[in-house]
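In: sequence first, predicted coordinates after that:
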Amino acid sequence: MDPIEDYFNLRQRIDTEAKRLVELHNTDIACRPGCDSCCLNLTVFPVEFFAMQGEMKQAGLDPKSLIFAESSLCGFLHNGLCRIYPFRPIICRTHGLPILFINDTSGESAWDVSFCRLNFSKQDHIEFTDDMLLDIEEINAEMNRINHGFITSTPQRRYRSRIRIPLKLLCTTKR
C-alpha cells in the first residue's frame, strides 16, 4: 500500500472512532467550534505533513493565502476556529477525547487516561472501560509504521524516523 493512502485510512478510522466517542460521552464533551484550549503550534511526521500538503493543494488551498500567526497558541487559529480544520493532523482530531496511554513519568510504566480538563467537568469520579477510550498507543504505533514506510519509499527526501516537521511550513505567509 501507499503510505499516504495508509495515513488517510488511519485518519478515517480515527474520525469514525472520535465520532463514536463524542456520541457516547455526549454531554460530558465540551469541545465545540470556538473551543481552542487544546490547540498548539505542533509538529508532525513527514508522512502526515506531505499528506496534508497534498490534500490542501488538491482542495485548491493556496499556501500563499494561508496566514500563520506566530504569536498564537496555534498559528492556524482565527477567532477560535481552525483555518485548516478539514486537513488538521491526527493529534488535533484526538484532542479532548478520553485517551488511553502509557504513563511512565513515575519511572514505572502504567496505563493511564487523559482528556481535556474542560470535558467531564460535571463528574467527581469517572470509571472508563476500554470501549470508552481511544488507545493513543495503538494510534502512535500505526503512525510510526506508516511514517517508516513513507521514509523508506522516498529516500530522496532523506528524512530520519524521528524527524518532525512544523505545521507552520504548510503555508508561506507568516504574521
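Out: That came through, no problem.
In: Val44 against Ile163, yeah?
Out: No: applying CB atoms under 8 Å, one finds Val44 not in contact with Ile163, separated by 10.2 Å. C-beta here means a position set from N, CA and C on the backbone, and glycine is covered the same way.
In: show me the beta-bridge partners of Val44.
Out: For Val44, the beta-bridge partners are Ile165 (DSSP bridges).
In: please report the distance of Leu77 from Ile67.
Out: Applying CB to CB, to the nearest Å, the value for Leu77 to Ile67 is 11 Å.
In: no, scratch that, I was asking about Asp130
Out: From Asp130 to Ile67 the distance is 42 Å (CB to CB).
In: those two: who's more crowded?
Out: Ile67 (14 against 7; other CB atoms under 10 Å).
In: all strands for this protein, in order.
Out: For the chain, applying DSSP state E gives strands covering 43-44, 67-68, 77-78, 81-82, 99-103, 110-114, 134-135, 165-166, 173-174.
In: which among the ones you listed is found nearest to Ile90?
Out: strand 43-44 (8.1 Å; CB to CB).
In: counting contacts, what elements does the closest one pack onto?
Out: Strand 43-44 makes packing contacts with strand 165-166 when contacts are defined by 3 or more CB pairs under 8 Å, 6 or more residues apart in numbering; DSSP states H and E.
In: what does the strand it packs on contact?
Out: Strand 165-166 is contacted from outside by Asn41, Leu42, Thr43, Val44, Phe45, Pro46, Phe49, using CB atoms under 8 Å, 6 or more residues apart in numbering.
In: tell me how far it lies from the chain's centre.
Out: Computed by CA atoms, centre = their mean, to the nearest Å, the chain-centroid distance of strand 165-166 equals 13 Å.
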